[in-house]
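Engineer: Got a sequence here, can you build the structure:
(chains A and B)
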Amino acid sequence: MKPLHLVPDDVNVPFLKFRKIFYIVSLVMVLASVGLFVTKGLNFGIDFRGGILLEIKTDGPADISALRDNLGSLGLGDVSIQEFGEPDDVLIQLQRQDGDEKAQMAALATVTKALGDNVTIRRSELVGPKVGDELKEAGVYSVAISLLLIMVYIWFRFEWQFAVASVVALLHDVLITIGFFVITGVQFDLATLAAVLTVAGYSINDTVVVFDRIREYLRKFRKMEIPDLLDLSINSTLSRTTMTSFTTLLALIALFVFGGEAIRGFTMALIFGIVIGTYSSICVASPLLMVLRLNRKIPEGEETQKAGA
Amino acid sequence: MLYFTKWKAALVLLVCALGVIYAAPNFLPKGTLATEASYLPGKQISLGLDLRGGSHMLLEVDINSVIRERYEALGDTIRSTLREERIRYRPRDAGLDGAEVTIVNADEVEKARDLIRDVEPNTVMSGDGNNIIVSYTEQARKELVDRAISQSLEVVRRRVDELGTTEPSIQRQGEDRIVVQVPGLDDPSRLRAILGRTAKMNFHLVNEEKTASQARATGMPPGTIILPSADAGDRAAGINEYLIDRRVVVSGDNLIDSQPTFNDGRPVVSFRFDAAGGARFGDMTSKNAGRRLAIVLDGEVISAPRINEPILGGNGIITGQFSVQEANDLSLLLRAGALPAPMQILEERSVGPGLGQDSVEAGEIAAVLGLVFVIAFMVISYGRFGIYADIALLMNLILVLAVMSVLQATLTLPGIAGIVLTVGMAVDANVLIFERIREERNNGRTIINAIDAGYRSAMSTILDANLTTLIAALVLFSFGSGPIKGFAVTLAIGIITSMFSAIWVTRLLISVWVKRRRPTELVL
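Structural biologist: Numbers count the residues shown, from 1 in each chain, chains lettered A, B, ... in the order given. So this is what the prediction gives:
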């Protein structure tokens, strides 16, 4: 049996020829994401906003509107009530209460009392204002620090053009993934933040593989024009890029379908991020090297050695 | 390069064998492990609270109240010292910055300072003119805080232990926080109820010259305060607050036991004093027979019975409109002792046992299916080499489980997601290698040459690619909390073990195949 090749061996797509189109598409997506983020904002979960979350199981299919009337009349501000996976599974979220942590506890007590004994509380989470703010801060730090560390690593391993291009591609992926959250309204909590960071790691991983190849070909094909060389590198690694993305997506889709409601948002972020990350390492990162005027002087050391020999 | 020295091959096999041995306990039920499989290592991966069910609570000790209390006491000491030495002063309220006094005569300020330095050596003094502000040194303050926290930890531990759950974990976090994790707890509201209270109990005498509202209108008798009543019986009778003497006649510090019991068919709480407390209580009740005694818990009067006769044995009961649960909780709190300072619940995350079980099942299904998909796809794409990659993939999973067992890492729901993600990404190294071999073959190299070159040139790429993901995982680990840490752990372990299995295990398999079969054709 002949093994299946997702990409033919002699593939030769002139990616660089279309780079202007890619730039425009990416720029539109990034700008739209940033615009939406600023105007509409993320649907932050209680991890970052503070508040209360309850997952309950009702006796038989839940009567959402009755629940809404019941809990809405408690005077606890915004109460969001939605079905969660199963008809008898309900997710209740309360906004952060005015006042300190005591006010949150009081609200939790009020809600559990109002729900009565006929429902089972499967999960309850309460994040006070203090912890919410701290988690938000830690989240921002963790994104910033991982981006910085990754950039430093790439800078050590490659020339600066590669570091800049890969970080641009990385930011591109992270921003568009965040845009995806704004558009879909999927809740942004600690788990989804972790997903975004994983996307960052994955995106850079994909990009590095292509860059490694470019660096290799720069040494190997000394006469080749840079655009041709970039195209050749992308095409040589295209089979690997698609294979890896595909296997990762296979695993993630299994997780998305069967992994349960609790990590669905998290998995969705990963799936979307991996698609975007694959696109960016093929269509954004390498063409960007052109813009950054990657030139033949790399790797300098070897050239001078040659000249001397 | 394809040639494996004997010891290298042995090393790879040894790592694999160790992986199997250390991962094995996770597939056996705990009971069987102890009895029938005692030859295996006893460590299993521990499940996070989100998978086994239980409660996580983050508490903050109100350090300021401890400090304020201590400065009030410090103020008392200073004032009595000044009185003894007949230095005239004007008292000031103690704040968070220190105890403050104003010395009336300017020429006595120096003397006062010397005196204070003698009685309270661990303090520093500031203030201008006749004002003296006495505060603890940094060192003394830190000791104060540490002592309050360790006392709180002890009290919290005693309270949680009373719930009778297995393996609760109670740890200090940062300067003034305590993390409580109680696995397998059905009802977090119980935990909330017993952790949310200071449980400081004191006995005061009720001032019956006036009612609280009269006192409010006509002026408070000296040395009295008004406290709200928490007794439902009182409220029903229209009594919402009490006027009581500020002075504590007997403090709850002397309690040594307390039990829920019944009196006339109603739930009540009995208590018992130690010898000193019992004597003081007997003395007090003898002197004040006929008066009402207010039992004050955390600033609320829970009951105010009349002292009918002296209570000499050191035993008593608290009656009130308690439910059985409330009586249980109150006696538990009194037994476990009072917290040195109030605590607040900053964060709570509880998962019921049902949901945890559901999550484990969902995670297992997803992991197995993801694995099956990837395994099938690798065989379809790379034939024989795909099978080798699949063996490496399974080995990788075993190694992840083994490392997690040895490190006693906690598996959480996002952690399962991390493993599934690892399944997808672990084959990446093999994909890189095989694609490279395919290319080298297409460039006309011989089979052995191509395989060799494939492994060699893919190496630096694999390293670069994995290290960057590892960076993200490590940052997640240091910033993330609870479940997210679990994700970072499995991801990081998965990345490291996958480098071993994808490179060395497949290489060993391929080299054995090449040596035995001497293939002339490479289907890839």
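
Engineer: domains in chain B, as residue ranges please.
Structural biologist: B:6-52+B:352-517, B:63-138, B:198-335 (automatic domain parsing).

Engineer: neighbouring contacts of stretch A:157-175?
Structural biologist: A:26, A:30, A:33-34, A:37, A:143, A:147, A:150-151, A:154-155, A:196, A:199-200, A:203-204, A:207-208, A:211, A:214-215, A:273, A:276-277, A:280-281, A:284-286, A:288-289, A:292-294, A:298, B:464 (C-beta atoms under 8 Å, 6 or more residues apart in numbering or on different chains). (Glycine included, C-beta is placed from N, CA and C.)

Engineer: Separate out the buried members of those residues.
Structural biologist: By neighbour count, with 16 or more other C-beta atoms under 10 Å in any protein chain shown, those hold A:26, A:30, A:33, A:143, A:147, A:150-151, A:154, A:196, A:199-200, A:203-204, A:207-208, A:211, A:214-215, A:273, A:276-277, A:280-281, A:284-286, A:288-289, A:294, A:298, B:464 as buried.

Engineer: before we move on, which element is residue 192 in?
Structural biologist: Defaulting to chain A. Following DSSP states H and E, one finds A:T192 within helix A:190-220.

Engineer: that answer is for a different chain, and I need it for chain B
Structural biologist: Secondary structure from DSSP H and E places B:R192 in helix B:188-195.

Engineer: and residue 160, how many neighbours?
Structural biologist: Since you didn't name a chain, this refers to chain A. 11 (other C-beta atoms under 10 Å in any protein chain shown).

Engineer: switch to chain B, that's the one I care about
Structural biologist: 23.

Engineer: Quickly find the element holding it.
Structural biologist: For B:V160, the enclosing helix or strand under DSSP H and E is helix B:138-162.

Engineer: Likewise for B:G494?
Structural biologist: Using DSSP H and E, B:G494 falls in helix B:482-500.

Engineer: I'd like the average pLDDT over the helix or strand that comes right after that helix.
Structural biologist: Following helix B:482-500 in sequence order, the next helix or strand is helix B:506-517 (DSSP H and E). For helix B:506-517, mean pLDDT rounds to 90.

Engineer: Equivalent analysis for stretch B:368-385, please.
Structural biologist: For stretch B:368-385, mean pLDDT is 92.

Engineer: Leaving out chain neighbours, which residue sits closest to B:F281?
Structural biologist: Spatial nearest neighbour of B:F281, excluding adjacent residues (C-beta to C-beta, 6 or more residues apart in numbering or on different chains): B:V250 at 5.0 Å.

Engineer: just to revisit the earlier point, which other helices and strands does the helix holding B:G494 contact?
Structural biologist: Helix B:482-500 sits against helix A:190-220, helix B:49-52, helix B:353-407, strand B:410-411, helix B:413-442, helix B:447-479, with contacts defined as 3 or more C-beta pairs under 8 Å, 6 or more residues apart in numbering or on different chains; DSSP states H and E.

Engineer: In TSV: these, plus distance to B:L28.
Structural biologist: Output for those, formatted as TSV (distance: least, C-beta to C-beta, whole Å):
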stretch	distance to B:L28
helix A:190-220	30
helix B:49-52	17
helix B:353-407	12
strand B:410-411	16
helix B:413-442	19
helix B:447-479	29
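
Engineer: Can you pull the residues of the stretch 1-150 of chain A lying near chain B?
Structural biologist: Residues of the stretch 1-150 of chain A that fall close to chain B, judged by C-beta under 8 Å from any C-beta of the partner chain: A:1-6, A:9, A:55, A:57, A:100-102, A:105, A:108-109, A:112, A:120-128, A:130-131, A:135, A:138-139, A:141-142, A:145-146, A:149-150.

Engineer: Buried members of the residues you listed into ChimeraX, please.
Structural biologist: Selection of buried members from those for ChimeraX, criterion 16+ other C-beta under 10 Å:
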select /A:3,5,6,55,57,101,105,108,112,120,121,122,123,124,125,126,127,128,130,131,135,138,139,142,145,146,150
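
Engineer: Point out the ones among the residues of the stretch 1-150 of chain A next to chain B that are inside helices.
Structural biologist: Judged by DSSP state H, these include A:101-102, A:105, A:108-109, A:112, A:130-131, A:135, A:138-139, A:141-142, A:145-146, A:149-150 as members of helices.

Engineer: Can you show me the strands along chain A?
Structural biologist: For chain A, strands defined by DSSP state E occupy the ranges A:51-57, A:79-84, A:86-95, A:120-127.

Engineer: picking that back up, tell me which of the domains of chain B is the most buried.
Structural biologist: Per residue and on average, the most neighbours among the domains of chain B fall to domain B:6-52+B:352-517, with a mean of 20 (mean count of other C-beta atoms under 10 Å in any protein chain shown).
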